[in-house]
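> Test case, fold it:
(one chain, ligands or ions: 1)
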Amino acid sequence: MRKKIVAGNWKMNKTLEEAHALVAELTGMVADEVKTPTEVVVCVPFPYLLPIKNQLGAGARVKVGAQNCSEHEWGAYTGETSATMLASAGIPYVILGHSERRQYFGENSSLLVKKIDRALGQKLTPIFCCGEPLEVREKGTHEGLVKQQVEEALFHLSAEVIQKVVIAYEPVWAIGTGKTASSQQAQDMHAVIRQHLAGKFGPSVAQDISILYGGSVKADNAKELFAQPDVDGGLVGGASLKSREFVEIVKGVA
Ligand code: PEP
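Sure thing, here's the model as predicted:
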């Protein structure tokens, strides 16, 4: 179902003590200041999932998510965490296909299909990331590449199941660089993605899918980005590590 979502991707940051302190600040600010029904998610490192979920409590306004899961379900895969494990721990979201996973851990579309299927099979909501590197943007072939990433990872799903996926468009050149896509660049690509989904699954299904923007979202650019008709919120890295900045970003959703 299409909804407004702002998800923080903490990556490999914070001690457990710092994580608890950040979540305590965040939940207070969200409760006091966020007047919209925007879904707020924090995607934290694996060891913090349960402590943070427990800190948030049942029926919490802020939800917790993982940053990855295995393509396998069980077994001799040392160091891996499966979607089944996440689901059994009550974790509702998982980021999949982040550009750092693609770049540093060699994740490709055929692997991501398996991870997406595992996550959906356990009723987790995947936040599927796509986006082009700088050289592709400079060549002008970015739309084709992003359409291909979406197609390869998601077009095997049924029209019913695709609606359970959240897509995050994250141009690689904007991640952690301080260079944000302009609101027009974001809107243009989000419209391309939605049109591509419409071509495969039909326009009403495409209208029902949340597409988030990620890449150096900050308090001072969130409002304009989130005001675009096809931008349904954001996936936020660095700025999600500071409670005040992150809450201001959440408040950028109208
Ligand atoms: C991200 O890693 O998903 C991200 C968008 O990072 P940043 O906001 O720091 O660019």
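> Specify the local secondary structure of L235.
strand (DSSP: H, G, I helix; E, B strand; the rest coil).
> With adjacent residues omitted, what lies nearest to the closest residue to the ligand within the stretch 151-254 of the chain?
Residue nearest to the ligand within the stretch 151-254 of the chain (Cβ to the nearest ligand atom): G237, separated by 2.2 Å. For the C-beta atoms, the positions are set from N, CA and C on the backbone; glycine is no exception. Spatial nearest neighbour of G237, chain neighbours left out: N9 (5.0 Å); criterion: Cβ to Cβ, 6 or more residues apart in numbering.
> same question, F201
Closest to F201 by Cβ to Cβ, 6+ apart is A159, at 4.5 Å.
> In terms of pLDDT, where does that neighbour sit?
For A159, the pLDDT comes out at 98.
> Look at it and say how many residues are nearby.
A159 has 14 neighbours, counted by other Cβ atoms under 10 Å.
> quick one, strands of the stretch 151-254 of the chain?
Along the stretch 151-254 of the chain, counting by DSSP state E, counting those that start in this stretch, strands occupy 166-169, 211-214, 233-236.
> quick revisit: isn't the residue of the stretch 151-254 of the chain closest to the ligand right up against K11?
Yes: G237 is in contact with K11 according to Cβ atoms under 8 Å; the separation is 6.3 Å.
> I'd guessed the residue nearest to G237 sits against S240; true?
Yes: counting by Cβ under 8 Å, N9 touches S240, with 6.4 Å between them.
> related to what we said a few turns ago, any chance of the strands of the stretch 151-254 of the chain in JSON lines with mean neighbour count as columns?
Shown next, in JSON lines, are the strands of the stretch 151-254 of the chain (neighbours: other Cβ atoms under 10 Å):
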{"stretch": "strand 166-169", "mean neighbour count": "26"}
{"stretch": "strand 211-214", "mean neighbour count": "27"}
{"stretch": "strand 233-236", "mean neighbour count": "28"}
